[in-house]
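Visitor: Generate coordinates for the sequence data below:
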Amino acid sequence: MLNSEELDKTVARLIIAAQNDGYDQGYAECSHHVVSVLKVDWDTSRSATHGVNIDVALAAMKTKFNNLQLPDMDLINVALQSEDHVAQLKEIFPDGDEDEDLA
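Guide: This next block holds a predicted model:
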């Protein structure tokens with residue numbers, strides 16, 4: 001599950017959303033300082049995140065991450081409900097090392 005495609009993609013998207021949010025906040029803070037110090041209007045339209053609602057995008061990715069459903073977790077939850085959950089888990093996730101030792 002740790003290296004599942006669903007988890008990897010969701011974490012990657014969350015990282016990108018967080019980076020964009022940090023970039024956007026940093027750019028806004030920097031432009032605020034320029035305006036304050038130099039007393040000039042700073043054109044923020046060159047920002048890569050200009051016109052994008054970064055807060056909403058980051059919040060949506062956090063929600064998606066927090067609600068991520070992995071198919072293997074459903075199998076584990078079903079197995080844990082059975083009388084012999086260890087045997088069921090071994091069926092779902094056979095240990096390759098044990099199979100090699102038997103050969």
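
Visitor: ok, residues contacting the helix or strand encompassing Ala59?
Guide: For Ala59, the enclosing helix or strand under DSSP states H and E is helix 54-66. Contacting residues not belonging to helix 54-66 are listed as 10-11, 13-14, 17-18, 20-21, 24 [CB atoms under 8 Å, 6 or more residues apart in numbering]. The C-beta positions use only the backbone N, C-alpha and C, and glycine is treated the same way.

Visitor: And the buried ones among these, selectable in PyMOL?
Guide: To isolate the buried ones among the contacts of helix 54-66 in PyMOL, judged by 16 or more other CB atoms under 10 Å, type:
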select buried, resi 10+14+17+20+21+24
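
Visitor: any chance of the contacts of helix 54-66 in a markdown table, with distance to Val56, secondary structure and pLDDT too?
Guide: Output for these, formatted as a markdown table (distance: CB to CB, whole Å; DSSP: H, G, I helix; E, B strand; the rest coil; pLDDT from 0 to 100):
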| residue | distance to Val56 | secondary structure | pLDDT |
| --- | --- | --- | --- |
| Thr10 | 17 | helix | 92 |
| Val11 | 19 | helix | 93 |
| Arg13 | 14 | helix | 93 |
| Leu14 | 14 | helix | 94 |
| Ala17 | 10 | helix | 93 |
| Ala18 | 14 | helix | 94 |
| Asn20 | 11 | helix | 90 |
| Asp21 | 10 | helix | 91 |
| Asp24 | 12 | helix | 88 |
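
Visitor: per-domain residue ranges of the chain.
Guide: Split into domains by automatic domain parsing, the chain comes to 1-68, 69-103.

Visitor: How far off centre is the longest one?
Guide: To tie it back to what came earlier, the one meant is domain 1-68. Distance, stretch centre to chain centre, for domain 1-68: 13 Å (CA atoms, centre = their mean, to the nearest Å).

Visitor: and if you look at the shortest one?
Guide: For domain 69-103, the distance from its own C-alpha centre to the chain's C-alpha centre is 26 Å (CA atoms, centre = their mean).

Visitor: Which positions in it come out as buried?
Guide: By 16+ other CB under 10 Å, the buried positions in domain 69-103 come out as 76, 79, 88.
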